[in-house]
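Participant: how would this look folded up:
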Amino acid sequence: MDDALTEEQRFPLLTAKGRRMLRWLQEHPHAPRYNFPCGDRLTAEGLRRVRAFAAELSAAPRGWRWKEMPPWLQPFVEFCLAEVPFYRHAGGSAEDFFARPTTSHEDLRRQPWAFVPDSQPLKDLLVYTTSSTTGSRLIVLSDPETPSKYLPLLQAALATRGVLLEGGCVRVALIQVCVQKQTYTMATVSAYLGEAGYAKINLSPAEWRDPDDRAQFLESCHPEIYTGDPIAFLELMKLPLRARPKALISSAMALLPAFQERLEAHFGCPVIDLYGTTESAPVAVAGRGGFDILPHDLYVEVLGPDGAPCRPGERGEITLTGGRNPFLPLLRYRTGDWASLEFHQEMPVLVGLEGRAPVVFKTAAGQWVNSIDVTTILYEFPLSQFSLHQAADGNLRLKVKGHDLPVAAMRDGLVGLFGRDQGVTIEETSDPEVWSGKAIQYSSALDLMEGP
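Facilitator: As a prediction, the model looks like this:
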């Protein structure tokens, strides 16, 4: 556990200047109630490898033709078949890549350890648990370098709009904003960004000593970049902030064009739509013709239900191979998101991306609840599938599939989250028509754009 580590172990490269920035974030009079100690844990050698990745990202060729394998792909597949228990058990050969079976979120959820290569040392293993917007909790194994390699990808995405993420020990580079009933919050510094400050905060008023502290803290930080999702940015818009960031980066949920325009007008800066997954980190950044593939070490396919590659322009499921997490090499990993793949001068572009729509629910008292908080409640129950819909009158309808389900306890959990006056109907069904398409989903007849 990270909270058992010393400061030196969390920040092997911390200098006096970096420590001043860290203390400033931690001890700011208007700071939130941080609940998780976190450091980048980068050693000098780790930092060198992150910088090398950034250089490769800038210089490495990217792009391919339809059903063409980049030079790095076959050796990667051979490595997976030899070293990764899950893929080795599945069998097959590297030469017949396009006939290989696909993998899924459910495979990873059931056996995260089976994706760890035999030769991978466990010394720096990190365990990250995510409650996703789609309703399924996932354990992702990683190492200290993998999250730091996220930063060059953010810089590359920002560069598409002419924005430079500078960093440096005298400024706060990034603040990630969330709106959830509970989530990890932290203050840290990044060795890769020259010990610039970074914070993850929860804008829910209950997470602050005084709700007014939110604006005062963010004004003091004046971060270069805000990252978050549309739900968090909707809350951020309500704060009386005068300082303007260089850009906002939206991820995790679909960003509607009208709301993007509204955000850009309000904050006076570009709003960059970034598509990625917890398993892969950023995959593509929105451009004029669709979402341009961002990393050089990720191979993107669009597949039909039978696993065969869709022809350019045909819609299918986005499927990923490659990545840089040594504890999670991806081999034809279905994301659950949909698009068509087109090629602009051999550069792959995802067109008509259909990802995870932003969904919030409303309590009888008029408070808004993030779908992630619902996931946290329902995760405790043995559900094979579920869907939750909120009608225009505010009543919730939960459809569930499972065996010997504790319906009363599920209702109590939802009422505990939404309040005693919340109307809740729970329907148990195994009807295959109900569970066609994406198995787990949230939906609401209420308008997110109205705001809390």
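Participant: show me where the stretch 351-452 of the chain has helices.
Facilitator: With DSSP state H, counting those that start in this stretch as the criterion, the stretch 351-452 of the chain has helices at 371-378, 407-418.
Participant: need those helices in JSON lines with mean pLDDT, can you?
Facilitator: Below are the helices of the stretch 351-452 of the chain laid out as JSON lines (pLDDT from 0 to 100):
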{"stretch": "helix 371-378", "mean pLDDT": "80"}
{"stretch": "helix 407-418", "mean pLDDT": "91"}
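Participant: between those helices, which one is nearest to Y184?
Facilitator: Comparison of those against Y184 by C-beta to C-beta identifies helix 371-378 as nearest, at 11.8 Å. The C-beta positions use only the backbone N, C-alpha and C, and glycine is treated the same way.
Participant: Q180 against S204, yeah?
Facilitator: Yes - at 6.5 Å, Q180 and S204 qualify as touching, with contact defined as C-beta atoms under 8 Å.
Participant: Show me which parts of stretch 305-317 are buried, residue by residue.
Facilitator: Using 16 or more other C-beta atoms under 10 Å as the test for burial, stretch 305-317 gives G307, P309, C310, P312, G316, E317.
Participant: could you redo these as TSV and give each row pLDDT and secondary structure?
Facilitator: Output for the buried residues of stretch 305-317, formatted as TSV (pLDDT from 0 to 100; DSSP: H, G, I helix; E, B strand; the rest coil):
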residue	pLDDT	secondary structure
G307	87	coil
P309	93	strand
C310	94	coil
P312	94	coil
G316	90	strand
E317	92	strand
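Participant: Let me know which of the helices of the stretch 351-452 of the chain is tucked in deepest.
Facilitator: Per residue and on average, the most neighbours among these fall to helix 371-378, with a mean of 22 (mean count of other C-beta atoms under 10 Å).
Participant: That helix packs against which elements?
Facilitator: Of the remaining helices and strands, those touching helix 371-378 by 3 or more C-beta pairs under 8 Å, 6 or more residues apart in numbering; DSSP states H and E are strand 126-131, strand 360-362, strand 383-390, helix 407-418.
Participant: That helix versus strand 126-131: what angle between them?
Facilitator: If you take axes from the mean of the first three to the mean of the last three C-alpha atoms, to 10 degrees, helix 371-378 sits at 100 degrees to strand 126-131.
Participant: Report the buried residues of the longest helix belonging to the chain.
Facilitator: The longest helix of the chain (DSSP state H) is helix 44-59. Judged by neighbour count (16+ other C-beta under 10 Å), helix 44-59 contains these buried residues: G46, L47, V50, F53, A54, L57.
Participant: got a list of contacts for it?
Facilitator: For helix 44-59, contacts defined as C-beta atoms under 8 Å, 6 or more residues apart in numbering pick out 12-13, 42, 144-145, 148-149, 151-153, 155-156, 191-192, 295-297, 324.
Participant: Also stretch 15-34?
Facilitator: Contacts to stretch 15-34, defined as C-beta under 8 Å, 6+ apart, come from residues 11, 14, 169-170, 172, 185-189, 191, 195-197, 199, 201-202, 207-210, 213-214, 216-217, 220-221.
Participant: Now with 6 Å, please.
Facilitator: For stretch 15-34, contacts defined as C-beta atoms under 6 Å, 6 or more residues apart in numbering pick out 169, 185-187, 189, 195, 197, 199, 201, 207-208, 213, 216-217.
Participant: Could you export it as PDB, CA atoms only?
Facilitator: Taking Å, rounded to 0.1, in the frame of the first residue of the first chain, the C-alpha atoms of stretch 15-34 are listed here in PDB:
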ATOM      1  CA  THR A  15      14.400  18.100  -4.400                       C
ATOM      2  CA  ALA A  16      14.000  20.900  -2.000                       C
ATOM      3  CA  LYS A  17      12.100  22.900  -4.600                       C
ATOM      4  CA  GLY A  18       9.800  20.000  -5.400                       C
ATOM      5  CA  ARG A  19       9.200  19.500  -1.700                       C
ATOM      6  CA  ARG A  20       8.100  23.100  -1.300                       C
ATOM      7  CA  MET A  21       5.500  22.700  -4.100                       C
ATOM      8  CA  LEU A  22       4.300  19.400  -2.500                       C
ATOM      9  CA  ARG A  23       3.900  21.000   0.900                       C
ATOM     10  CA  TRP A  24       2.200  24.000  -0.600                       C
ATOM     11  CA  LEU A  25      -0.500  21.800  -2.200                       C
ATOM     12  CA  GLN A  26      -0.800  19.600   0.900                       C
ATOM     13  CA  GLU A  27      -1.000  22.400   3.400                       C
ATOM     14  CA  HIS A  28      -2.900  25.100   1.500                       C
ATOM     15  CA  PRO A  29      -5.500  26.700   3.800                       C
ATOM     16  CA  HIS A  30      -8.300  26.000   1.200                       C
ATOM     17  CA  ALA A  31      -7.100  22.500   0.200                       C
ATOM     18  CA  PRO A  32      -9.600  19.700   0.000                       C
ATOM     19  CA  ARG A  33      -9.500  16.700   2.400                       C
ATOM     20  CA  TYR A  34      -7.000  14.600   0.600                       C
END
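Participant: Thanks a lot, catch you later.
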